[in-house]
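Peer 1: Can you look at this prediction? I've put the sequence above it.
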Amino acid sequence: MKKLDPAIEPGATIGILGAGQLGRMLALAGARLGLKSHIYAPDAGEPAFDVAVRSTVAAYEDEAALARFAENVDVITYEFENIPAATAAFLAQRCPVHPAPLALEKTQDRLIEKRFLNELGVATAGFAPIDSAEAIGPALTSFSGSGILKTRRFGYDGKGQAMIRDTAAGTEAFASFGEVPAIIEAVVPFAREISAIGARGPDGSFRAYDICENSHANHILSRTEAPARIKASTAERAAEIAKRIADALDYVGVIAVEMFVVDGAKGEELIVNEIAPRVHNSGHWTIDGAATSQFEQHVRAISGWPLGSTARRGRIVMDNLIGDEVCRWREILQEEGACLHLYGKSELRDGRKMGHVTRVYADGTIYADGTN
Ligand code: AMP
């Protein structure tokens, strides 16, 4: 191990695995605090490379490149959870990796993740492992005839996911996923979707942001609003769940926990959908809407620096700019107080996250639709 003391100084270099917009915003936040970034990712031309001091374009299995990378950086983090476990383990022998590889192990596979949550006493949707087409019928029966088939690994933005209402549709979806290991989840009749985002430092300190509320379009996050329209006691429980998960993983960095809020017989119930062991799209509002952004907070945590205030600056609405929505950039720039973020992606594709815009309103603002 290169360093025993987790604290690093300004001027040090953060190694970031992955070169998408999350890596880009991490590198920008690090730069503000006098830190350099070295991005490691398999494909050139991705957005984070434009803002990094150093870059390595190499496969996650390339041990010679990984060893050189670990030698050149002071701490390593990642912007997405599908880093191969062997890569994280290889790097962790050479340099501090935060969050530690245990967080990847528990969150890369939906079955392992749900069992981990249940062992912590955290509620999830009912689920059943699906290793063969024969398992689909009995699982559907146990969930009153319908469910959501999800691949255990590599799913995102609704990919590797299908709503199924009978065994034939389930068998077809399972085949279309290549019969890879999957689960079926009971359909949760949720009233809202929320995220609890917090950060844990190496000393166990924990700071949560106000709970935010998410809306999706075509399985992709389209809007996040903060605060979520939930009871204060529900928000407290949501933050406590995020802390419980972070403590159990001895986690260092920002963690996001996506949850469903169900209006149950006993009031608002929380059901965890999934854990993101990283900064998260539903936390982008913190750049303009909180005292410390989730990106800066992550950088502080992995550097062993004090965590910053998570105080919210007002009522926040963050809209993703997906596909050609980004073409409105000029109009958004003309709007008083709209905070535009463009990810510098060279190619515009349908469904691709190209940027986001955050609007911060004074608390108590009445929105155009009459709500406040
Ligand atoms: P995921 O990829 O697991 O984050 O799921 C993407 C979206 O699908 C979620 O944000 C929900 O809107 C919906 N979804 C996923 N799982 C369930 C479930 N068990 N019940 C109801 N809706 C779900």
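Peer 2: Yes, it's here. Numbers count the residues shown, from 1 in each chain.
Peer 1: Surely E225 is within a helix?
Peer 2: No. Membership of E225 in a helix is not supported by DSSP: H, G, I helix; E, B strand; the rest coil, which gives strand.
Peer 1: so it bridges to which residues?
Peer 2: E213, V317 (DSSP bridges).
Peer 1: residue contacts, it?
Peer 2: C212, E213, S215, R315, I316, V317, M318 (C-beta atoms under 8 Å, 6 or more residues apart in numbering). Backbone N, C-alpha and C define where each C-beta goes, glycine included.
Peer 1: And those residues, which of them are buried?
Peer 2: Among the contacts of E225, those classed as buried by 16 or more other C-beta atoms under 10 Å are C212, E213, R315, I316, V317, M318.
Peer 1: filter those residues down to the ones close to the ligand.
Peer 2: Checked against the ligand using C-beta under 6 Å from any ligand atom, these yield no neighbours at all.
Peer 1: quick check, A168 in a helix?
Peer 2: Yes. When classified by three-state DSSP, A168 is found to be part of a helix.
Peer 1: about what we covered before: find the pair from the contacts of E225 with maximum spatial separation.
Peer 2: S215 and R315 (15.3 Å; C-beta to C-beta).
Peer 1: Let's see the strand or helix carrying F69 as PDB, backbone CA atoms only.
Peer 2: Following DSSP states H and E, one finds F69 within helix 63-72. The C-alpha trace of helix 63-72 is given here as PDB (Å, rounded to 0.1, in the frame of the first residue of the first chain):
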ATOM      1  CA  GLU A  63      -2.800  -5.000 -15.400                       C
ATOM      2  CA  ALA A  64       0.300  -3.200 -16.600                       C
ATOM      3  CA  ALA A  65      -1.700   0.000 -17.300                       C
ATOM      4  CA  LEU A  66      -3.600  -0.400 -14.000                       C
ATOM      5  CA  ALA A  67      -0.300  -0.700 -12.100                       C
ATOM      6  CA  ARG A  68       1.100   2.400 -13.700                       C
ATOM      7  CA  PHE A  69      -2.100   4.300 -13.000                       C
ATOM      8  CA  ALA A  70      -2.000   3.300  -9.300                       C
ATOM      9  CA  GLU A  71       1.600   4.400  -9.100                       C
ATOM     10  CA  ASN A  72       0.700   7.900 -10.500                       C
END
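Peer 1: so what secondary structure elements neighbour the next helix or strand after that helix?
Peer 2: Once helix 63-72 ends, the next helix or strand along the chain (criterion: DSSP H and E) is strand 75-78. Contacts defined by 3 or more C-beta pairs under 8 Å, 6 or more residues apart in numbering; DSSP states H and E place strand 75-78 against strand 13-17, helix 294-303.
Peer 1: ok, residues contacting strand 75-78?
Peer 2: Counting by C-beta under 8 Å, 6+ apart, 6, 8, 12, 14-18, 26, 69-70, 88, 91, 95-99, 104, 253, 278, 298, 302-303 sit against strand 75-78.
Peer 1: circling back to that earlier point, so which of the helices and strands packed on strand 75-78 gets nearest S176?
Peer 2: Nearest to S176, of all those, is strand 13-17, at 29.8 Å by C-beta to C-beta.
Peer 1: Each with direction, which strands does that closest one pair with?
Peer 2: strand 36-41 (parallel), strand 75-78 (parallel).
Peer 1: Grab the CA positions of the helix or strand just after that strand and hand them over as PDB.
Peer 2: Downstream of strand 13-17, the first helix or strand assigned by DSSP H and E is helix 21-32. Provided in PDB are the C-alpha atoms of helix 21-32 (Å, rounded to 0.1, in the frame of the first residue of the first chain):
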ATOM      1  CA  GLN A  21     -20.200  13.100 -17.000                       C
ATOM      2  CA  LEU A  22     -19.900  12.000 -13.400                       C
ATOM      3  CA  GLY A  23     -16.100  11.600 -13.700                       C
ATOM      4  CA  ARG A  24     -16.000  15.000 -15.400                       C
ATOM      5  CA  MET A  25     -17.900  16.700 -12.600                       C
ATOM      6  CA  LEU A  26     -15.700  15.000 -10.000                       C
ATOM      7  CA  ALA A  27     -12.600  16.200 -11.700                       C
ATOM      8  CA  LEU A  28     -14.000  19.800 -11.900                       C
ATOM      9  CA  ALA A  29     -14.900  19.700  -8.200                       C
ATOM     10  CA  GLY A  30     -11.400  18.400  -7.400                       C
ATOM     11  CA  ALA A  31      -9.800  21.100  -9.500                       C
ATOM     12  CA  ARG A  32     -11.600  23.800  -7.400                       C
END
